[in-house]
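1. Predicted structure and sequence below. I'll ask about it afterward.
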Amino acid sequence: MNRIMKKIIYLLIAMLMFSACRKDNHKEEEFLICCDTPCLSVKLQIKENLIPEDLLEKVAIYENTSEGKVKANIVYNFKKDGKEYKIKYLKKDGYVIFSFYVLHDINRTFGDRIIKFSLEIPNNKPIALTFKGKYYSIPGCCSAPSINQAFLNDKEWKPLEEYMNATYEYHYILPEKMLEKEEAK
């Protein structure tokens, strides 16, 4: 009888410990909801009057990777009235807005990184976009992406303040003076 009682007590203790651990794990899972997407996007705003309407579809943003140039534009897919649409840009408040991911590491690997892009607008010289960013630790959560600095043709480029830290995206306006016509060949 004594042996059976000991086994029952051990079983109860094990069940209590398991349920306590289970409650703690559940709380951690709830807390991990704070983790958002591992991607951080940039919205590049260009005044509508700077790019002719017929050239908008040809504007491209390329990420310069070790494998070469990779198209980085985000294409929005949606359905309306039973038809499928794909758009490469949005128009809002006199601006054409192109989106692309700057940090997009699914594994959220900690550390600093420099990501280089090329903005190519027909009939204009390519514009170099450089972002210094990182994934940083959030206690009790997973790592989150952040942009520390941005450069436009190697000159510091500040994001629009009203969007800072509101979402996982940064908004930058392309200054008109950055558009230089390409010389005819």
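-> Sure, I can see it. Numbering: from 1, shown residues only.
2. for the protein, what spans make up the helices?
-> Ranges of helices in the chain, per DSSP state H, are 2-31.
3. Mark out where each domain of it begins and ends.
-> The chain breaks down into these domains under automatic domain parsing: 2-32, 35-178.
4. Go through these and pick out the most buried.
-> Highest mean neighbour count among the domains of the chain (mean count of other C-beta atoms under 10 Å): domain 35-178, with a mean of 15. For every residue, glycine as well, the C-beta is placed using N, CA and C.
5. Give the ranges of residues in the chain that sit below the confidence cut-off.
-> Along the chain, the parts satisfying pLDDT under 70 run over 1, 10-12, 14, 16-37, 106, 162-168, 184-185.
6. The residue minimising distance to the centre of it and Leu56: what is the separation?
-> In the chain, the C-alpha nearest the mean C-alpha coordinate belongs to Leu40, at 1.5 Å (C-alpha atoms, centre = their mean). The gap separating Leu40 from Leu56 is 25 Å, by C-beta to C-beta, to the nearest Å.
7. do the same with Ile121
-> Distance of Ile121 to Leu56, computed by C-beta to C-beta: 9 Å.
8. How about Met15?
-> Met15 sits 65 Å away from Leu56, going by C-beta to C-beta.
9. Next, please give the residue ranges for the strands of this structure.
-> Taking DSSP state E as the test, the strands found in the chain are 39-47, 60-65, 68-71, 76-80, 83-87, 90-92, 95-104, 111-120, 127-136, 144-152, 155-156, 169-173.
10. so which of those strands gets nearest Glu180?
-> For Glu180, the closest of the strands of the chain is strand 127-136, at 8.5 Å, according to C-beta to C-beta.
11. Would you mind getting the angle between the closest one and strand 144-152?
-> Here strand 127-136 points in a direction 160 degrees away from that of strand 144-152 (axes from the mean of the first three to the mean of the last three C-alpha atoms, to 10 degrees).
12. Sheet partners, orientation included, of strand 127-136?
-> Counting by DSSP bridges, the strands paired with strand 127-136 are strand 111-120 (antiparallel), strand 144-152 (antiparallel).
13. what residues does that strand touch?
-> Residues outside strand 127-136 that contact it (C-beta atoms under 8 Å, 6 or more residues apart in numbering): 38, 40, 42, 44, 61, 102-103, 105, 108-121, 143-154, 157, 174, 178-179.
14. Stretch 38-50 now?
-> The contact list for stretch 38-50 (C-beta under 8 Å, 6+ apart) reads 61, 74, 91, 94-108, 119, 129, 131, 133, 135, 142, 145-147, 160, 163, 168-174, 176, 179.
15. make it 7 Å
-> With C-beta atoms under 7 Å, 6 or more residues apart in numbering as the test, stretch 38-50 has contacts from 74, 91, 94-106, 108, 133, 145, 147, 168-174, 176, 179.
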